[in-house]
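Enquirer: Predicted model and sequence follow; I will ask about them next.
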Amino acid sequence: MAILTIKSLTKYYKDLRALSEVSLKVKAGEFVTVIGRSGAGKSTLLRCVNRMIEPSSGLIEFDGIDMRSLGRRDLRKARTRIGMIFQHFNLVPRQTVIENVLHGRLGYKSTLQGSFGIYSDEEKSHAVDVLARLGLAEQMHKRCDQLSGGQKQRVGIARSLVQDPRLILCDEPIASLDPSSAKTIMDHLHRISRDMKITILMNLHQVDVAIKYSDRIIGIREGGIVFDDEPRRLKKKIVAEIYGSDADDILFEESPE
């Protein structure tokens, strides 16, 4: 059953059309990766899902809720079930790891509780458990500006997980990381999807990584979907269609039929 349904999604930035009549469905627990050139519309697509960017037209239905119909209060409530992981981590550098992770609970808080950082013992215990699961127990009380890039991204994952999300949007989560750290992050996200049945919708530049980890790959070119299928169906001629003149720089091993 689809947890996310998008129909005829279009986004204009003034006269520039960033997305053009995009339609897709994502099943609960599915790991879906969106690939394409820079500027193809990948980030715009993800950010329209939780309305960080307002669509120009089209339907976005998450967990049975019409996201575009929601007012400010109801949108805030809906976003508690949608985690977001960013390329540049989006952490508060001078705060500790545990403080940053608990920010994932702000959507459940009143303005007063959020302003004073008031969290329940249960929420704090949950945050500690999530950090331990991600191998960050010893860094819990360190400031985030003392961490490596890979550790910062694991904090970002932990912040999403304490929301108790049904969907996590990952906007280029490994673009700023070295290969070893990138593998660690992808391994964690894959386990989260598999073991916790949390749906992952991710943007990636690395086609070989998308093939290795994804249940399904969506290729976008100039704001439209040109490929939507299993990783084994992604062939060199399709990569050439997705990436155009940049296709020669894409490294991946084509699956045999």
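Expert: All right, it came through fine. Computed from a predicted structure; not experimentally measured.
Enquirer: Could you use CA atoms for every contact and neighbour count after this?
Expert: Noted.
Enquirer: which residues of the stretch 101-250 of the chain fall in helices?
Expert: 111-116, 121-133, 149-161, 179-196, 207-213, 236-243 (DSSP state H, counting those that start in this stretch).
Enquirer: Of these, flag the one that's most buried.
Expert: Looking across these with neighbours counted as mean count of other C-alpha atoms under 10 Å, the highest average goes to helix 149-161: a mean of 25.
Enquirer: how far is it from where the chain is centred?
Expert: Relative to its parent chain, helix 149-161 has a centroid offset of 12 Å by C-alpha atoms, centre = their mean, to the nearest Å.
Enquirer: One more: stretch 134-148?
Expert: With C-alpha atoms, centre = their mean, you get 22 Å for stretch 134-148.
Enquirer: so how far is Gln95 from Arg146?
Expert: If you look again at residue 146, you'll see it is Gln, not Arg. Gln146 sits 10 Å away from Gln95, going by C-alpha to C-alpha, to the nearest Å.
Enquirer: wait, Ser23
Expert: Applying C-alpha to C-alpha to Ser23 and Gln95 gives a distance of 40 Å.
Enquirer: Repeat that for Leu19.
Expert: Distance of Leu19 to Gln95, given as C-alpha to C-alpha: 37 Å.
Enquirer: With neighbour numbers in mind, choose between those two.
Expert: Using other C-alpha atoms under 10 Å as the criterion, Leu19 and Gln95 rank with Leu19 on top: 26 against 14.
Enquirer: Mean confidence (pLDDT) on the host helix or strand of that one, please.
Expert: For Leu19, the element it lies in under DSSP states H and E is strand 16-27. Strand 16-27 carries an average pLDDT of 96.
Enquirer: How about stretch 71-81?
Expert: Mean predicted lDDT for stretch 71-81 stands at 94.
Enquirer: residues in contact with stretch 19-26?
Expert: Outside stretch 19-26, the residues within contact range by C-alpha atoms under 8 Å, 6 or more residues apart in numbering are 2-12, 32, 41, 44-45, 58, 222-225.
Enquirer: What are the buried residues along the strand holding Leu19?
Expert: By 16 or more other C-alpha atoms under 10 Å, the buried positions in strand 16-27 come out as 18-20, 22-23, 26.
Enquirer: Pull the distance from stretch 20-38 to the chain's centre.
Expert: Counting by C-alpha atoms, centre = their mean, stretch 20-38 comes out at 11 Å from the chain centroid.
Enquirer: what's the answer for stretch 64-71, then?
Expert: 19 Å.
Enquirer: Any idea how far apart the tips of that stretch sit?
Expert: OK, stretch 64-71 end separation, C-alpha to C-alpha: 16 Å.
Enquirer: And that stretch, what's buried?
Expert: 67-68.
Enquirer: one step back: of the buried residues of strand 16-27, closest to Arg37?
Expert: Each of these was scored against Arg37 by C-alpha to C-alpha, and Ala18 proved nearest at 12.5 Å.
Enquirer: do you know how far that closest one is from Gln206?
Expert: For Ala18, the distance to Gln206 - C-alpha to C-alpha - is 21 Å.
Enquirer: What is the burial count for Ser57?
Expert: Residues near Ser57, counting by other C-alpha under 10 Å: 16.
Enquirer: Once you drop chain neighbours, what's closest to it?
Expert: Residue nearest to Ser57 in three dimensions, not counting chain neighbours: Thr10, with 5.3 Å by C-alpha to C-alpha, 6 or more residues apart in numbering.
Enquirer: residue contacts, the one you found?
Expert: 17-22, 55-58.
Enquirer: From those, pick the one nearest Ala210.
Expert: The closest of the contacts of Thr10 to Ala210 turns out to be Val22 (C-alpha to C-alpha; 20.2 Å).
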